[in-house]
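> Generate coordinates for the sequence data below:
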Amino acid sequence: MILEINPEYPQPHQILRVVESLKDGRVIAYPTDTTYGIGCSIFCKKSIERIYQMKQRDRRKPFSVICSSLSEISQYAKVSNSAFKIIKRYLPGPYTFVFEATREVPDLLLTRQKTVGIRIPDNRICCDLVTALGNPIITTSANLSGEEPEGDPRVIADTFGKQLDYVIDGGILTTDVSSVISLISEVPEILRVGLGDVSWCSL
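I've put the predicted structure just below:
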C-alpha cells in the first residue's frame, strides 16, 4: 500500500498508523536523506529474514540500523568520546557510522567482528517513525541486491508488490547512498564514499 506523508510536516496520524504496523512485524519502504530504504523493527527476526529474502541479499551482509537520537545510539553502540564529538557534528546527516555493538543489538544485525552500522538521517518522516516506535529500525536500500538504489516510491511498490506492507511516498529522492565511516578506532576509516562529505576524515 502506498501511503503519502508530507515530508516537511509529517501527519501524526499517518506516522502512528505506520508505527502500529511496525509493532505488528510489518515491513515498510520509507524515505531517508539519501534514497528510499526498506526496514522493520530491529526486534522482529521474522521480518528481518523476510527482507533478506525479498532483496535476495547475502546473509553474511548485515543491515544497518536507524536511531532517533545520539542518546539512543549509545544504547546500541560503544561510542568513545572522540567518536561522540564526530557524530554530534555530522548527525543527522547522510552518514552510516560503524561501531562496536553492545549486547542490545540482535545477532542478525552483527558482523563477524560484532560491529554495527548506525544512521540518523536528516529526514522528518524517517526520524518521526523511529521516535514514535521507541526503538531503531533496520535500513537497507530499496532495491534488489546488485541493482541500483531507487528514489521513486511508485517504482519500489511495483518492484516489491505485496512483499511490502507500506510504501511511504515522501516524494522523489536521489539514488545516492550514505557515506560509511568506521569509528571503531580513534582514526576514522572511510569504508564507502557516498553523499556525505568525507574530506574531514583526512584532517
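> shouldn't residue 41 be in contact with residue 139?
No - with contact defined as CB atoms under 8 Å, residue 41 does not count as touching residue 139 (11.9 Å). All C-beta spots, glycine's among them, are computed from the backbone N, C-alpha and C.
> Low-confidence stretches in the protein?
203 (pLDDT under 70).
> repeat that with 90
Counting by pLDDT under 90, the chain contains low-confidence ranges at 1, 59-60, 108, 110-112, 146, 202-203.
> any idea how far residue 154 is from residue 34?
Counting by CB to CB, to the nearest Å, the gap from residue 34 to residue 154 is 18 Å.
> Stretch 72-92: which residues count as buried?
72, 73, 76, 77, 79, 83, 86, 87, 90, 91, 92 (16 or more other CB atoms under 10 Å).
> Kindly report the same for stretch 27-35.
27, 28, 29, 30, 31, 32, 33, 34, 35.
> Among these, name the ones in strands.
Among these, the ones falling in strands (DSSP state E) are 28, 29, 30, 31.
> what's near enough to touch the last one?
Under the criterion of CB atoms under 8 Å, 6 or more residues apart in numbering, the contact list for residue 31 reads 7, 37, 123, 125, 126, 153, 168, 170, 171, 173.
> Contacts only, for the nearest residue to it once chain neighbours are set aside.
Nearest non-adjacent residue to residue 31, counting by CB to CB, 6 or more residues apart in numbering: residue 170, 3.5 Å away. Neighbouring residues of residue 170 by CB under 8 Å, 6+ apart: 5, 7, 30, 31, 123, 125, 153.
> can you do 10 Å?
By CB atoms under 10 Å, 6 or more residues apart in numbering, the contact set of residue 170 is 3-8, 10, 29-32, 36, 123-126, 153.
> how would you label the spatially most central residue of the chain: helix, strand or coil?
The chain has residue 139 as the residue nearest its centroid, 3.0 Å off, counting by CA atoms, centre = their mean. For residue 139, the assignment made with DSSP: H, G, I helix; E, B strand; the rest coil gives strand.
> ok, now how distant is it from residue 5?
Taking CB to CB, one finds residue 139 at 17 Å from residue 5.
> and what of residue 68?
Distance from residue 68 to residue 5, by CB to CB: 17 Å.
> try residue 101
Counting by CB to CB, the gap from residue 101 to residue 5 is 31 Å.
> cool, residue 173 as well?
Relative to residue 5, and taking CB to CB, residue 173 is found at 13 Å.
> show me where the protein has strands.
Going by DSSP E, the chain shows strands at 2-4, 28-31, 36-39, 64-66, 77-78, 95-101, 115-119, 137-141, 166-169, 179-182, 189-192.
> excluding its backbone neighbours, what's nearest residue 59?
Per CB to CB, 6+ apart, closest to residue 59 is residue 52, 5.7 Å.
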